[in-house]
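Engineer: below: sequence and its predicted model.
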Amino acid sequence: MSVLVTGGAGYIGSHMVLALQDAGQSAVVLDDLSTGFDWLLPPEVKLVLGDVADAALVGQAIRENGCDALAHFAARIVVPDSVADPLGYYLANTVKTRALIETAVKAGVKHVIFSSTAAVYGEPATVPVPEDLETSPINPYGRSKLMSEWMIEDAARAHGFTYVILRYFNVAGADPRGRSGQSTPNATHLIKVATQAALGQRSHLEVFGTDYPTPDGSCLRDYIQVSDLAEAHRVALDHLRSGGESLTLNCGYGRGYSVLEVVDVVKRVSGRDFEVRLSPRRAGDPARIVAGADRIRTRLGWTPRHDDLEGIVRQALDWEAALARRNRH
Ligand SMILES: NC(=O)c1ccc[n+]([C@@H]2O[C@H](COP(=O)([O-])OP(=O)(O)OC[C@H]3O[C@@H](n4cnc5c(N)ncnc54)[C@H](O)[C@@H]3O)[C@@H](O)[C@H]2O)c1
Ligand SMILES: O=c1ccn([C@@H]2O[C@H](COP(=O)(O)OP(=O)(O)O[C@H]3O[C@H](CO)[C@H](O)[C@H](O)[C@H]3O)[C@@H](O)[C@H]2O)c(=O)[nH]1
């Protein structure tokens, strides 16, 4: 039994590959390396190079490797990009997911784990956000993912596979053993950008919006450590393989930090000061979003081990420094 991990050469997917490997389980990666890196993968893990919508290639990968399960990470992921290029996002995240699910059904895949996002909730009236709150995404990225959730739910009902949809909040940090981390050169995620500024790789950091209805005026987010998130996928897979029912679950810690608080933590942990510019709001950003985090603990028995913003920032700094050394060689 093996898992086909689409987007396994990316940031979060590579951590799931490590989690599976650490648990002695088998994985095959399908990735077009558009934003991923083959060197993030352990050498013994097979990489099939190609597109998730390539039915012949994906069908062959599933059959040849005896995959009973699919973990679908491959996507385009930047909220403001999705506002500028909605049709590109609907193609990458919705149309291609439809093709992939069809191939998986035809090839007899029994279980699907899907990377969804807190962006499906849009601008929730209350935080923390429980899973059964009505979804109402405010940007094309969130809408592209919500449509995929619906397709997976409908296809599972019609074709008899089971699924776990995981709605990630803000993913950050790196493998505590230094084997993987966020490696996209022009990444836009706050903790990545702030660590790069702390290490002198960027001249400054912009805070997008200080007039939100939050305690300090900047946006509130729930930052979940990436290995904890990968472990959630691993236990979700165990749940499905042992006959568990389909579930939709938030992945977060249930606590929000503001952008300005995160910047302070990065300055404190790194011991470096850097220029912070207070800028206008960025398109598509909700003011505050924090996970209702109980359901995943009770339904999957998931227990986070890295719920500590300082630790997350330290891992991100260590990874960034390792990347800089790698790029010099
Ligand atoms: N990073 C976050 O904070 C966050 C939050 C919520 C949800 N997510 C979701 O998690 C998933 C993984 O995100 P990530 O941060 O690891 O991003 P990433 O860009 O590092 O990883 C995406 C991977 O998918 C591959 N890929 C993209 N399109 C492909 C295609 N058509 N065919 C084959 N491979 C393709 C890329 O090469 C890359 O390796 C995405 O589905 C994203 O929407 C991420
Ligand atoms: O240089 C920066 C980068 C970000 N921010 C702010 O920091 C917060 C977090 O922004 P990120 O870009 O790190 O993450 P997002 O909240 O936009 O989005 C992330 O979390 C979402 C769910 O909350 C989705 O899952 C999405 O896939 C994922 O990228 C936002 O208020 C953003 O405006 C800045 O002020 N300056």
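Structural biologist: Alright, I've got the coordinates. Ligands and ions are numbered 1, 2, ... in the order given.
Engineer: what does the stretch 51-200 of the chain put close to ligand 2?
Structural biologist: By the rule C-beta under 6 Å from any ligand atom, the part of the stretch 51-200 of the chain lying against ligand 2 is 77, 79, 117-119, 168-170, 188-190, 193. Yep, even glycine has a C-beta here, placed from its N, CA and C like the rest.
Engineer: domain parsing for this protein?
Structural biologist: 2-172+225-251, 190-221+254-296+305-324 (automatic domain parsing).
Engineer: wait, which of those domains is closest to residue 184?
Structural biologist: Closest approach to residue 184 among those is made by domain 2-172+225-251 (5.6 Å; C-beta to C-beta).
Engineer: do the closest one and ligand 1 meet?
Structural biologist: Yes: under the criterion of C-beta under 6 Å from any ligand atom, domain 2-172+225-251 makes contact with ligand 1 via 6-7, 9-13, 30-36, 51-52, 73-75, 77, 92, 96, 115, 117, 168, 170-171.
Engineer: now those residues: which count as buried?
Structural biologist: Buried residues within the residues of domain 2-172+225-251 next to ligand 1, counting neighbours by 16 or more other C-beta atoms under 10 Å: 6-7, 9-13, 30-32, 35-36, 51-52, 73-75, 77, 92, 96, 115, 117, 168, 170-171.
Engineer: take these and keep only those in helices.
Structural biologist: Counting by DSSP state H, those place 11-13, 96 in helices.
Engineer: now do the contacts for residue 254.
Structural biologist: Contact analysis of residue 254 by C-beta atoms under 8 Å, 6 or more residues apart in numbering lists 128, 222, 290-294.
Engineer: secondary structure element for it, which one?
Structural biologist: Taking DSSP states H and E as the definition, one finds residue 254 inside no helix or strand.
Engineer: go on, residue 200?
Structural biologist: Assigned by DSSP H and E, residue 200 falls outside every helix and strand.
Engineer: show me what contacts it?
Structural biologist: 272, 274.
Engineer: pLDDT score for it?
Structural biologist: Residue 200 is assigned a pLDDT of 95 by the prediction.
Engineer: the host helix or strand of residue 229 close to ligand 2?
Structural biologist: Assigned by DSSP H and E, residue 229 falls within helix 226-241. No: Helix 226-241 stays out of contact with ligand 2 when judged by C-beta under 6 Å from any ligand atom, the minimum separation being 11.1 Å.
Engineer: packing partners of that helix?
Structural biologist: helix 11-22, strand 67-72, strand 111-117, strand 162-168, strand 170-172, strand 247-251, helix 294-300 (3 or more C-beta pairs under 8 Å, 6 or more residues apart in numbering; DSSP states H and E).
Engineer: which secondary element of the protein has the worst mean pLDDT?
Structural biologist: helix 79-84 (a mean of 91; mean pLDDT, DSSP states H and E).
Engineer: hmm, who's touching the helix or strand residue 197 falls within?
Structural biologist: Under the criterion of DSSP H and E, residue 197 resides in helix 190-198. Here helix 190-198 makes contact (C-beta under 8 Å, 6+ apart) with 170, 172-173, 182, 184, 187, 202-205, 221, 223, 259, 262-263, 266-267, 270, 272, 274-275, 312-313, 316-317, 320.
Engineer: for ChimeraX, what selects the buried ones among the residues you listed?
Structural biologist: A single ChimeraX command selects the buried members of the contacts of helix 190-198 (16+ other C-beta under 10 Å):
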select :170,172,173,182,187,205,221,223,259,262,263,266,267,270,274,312,313,316,317,320
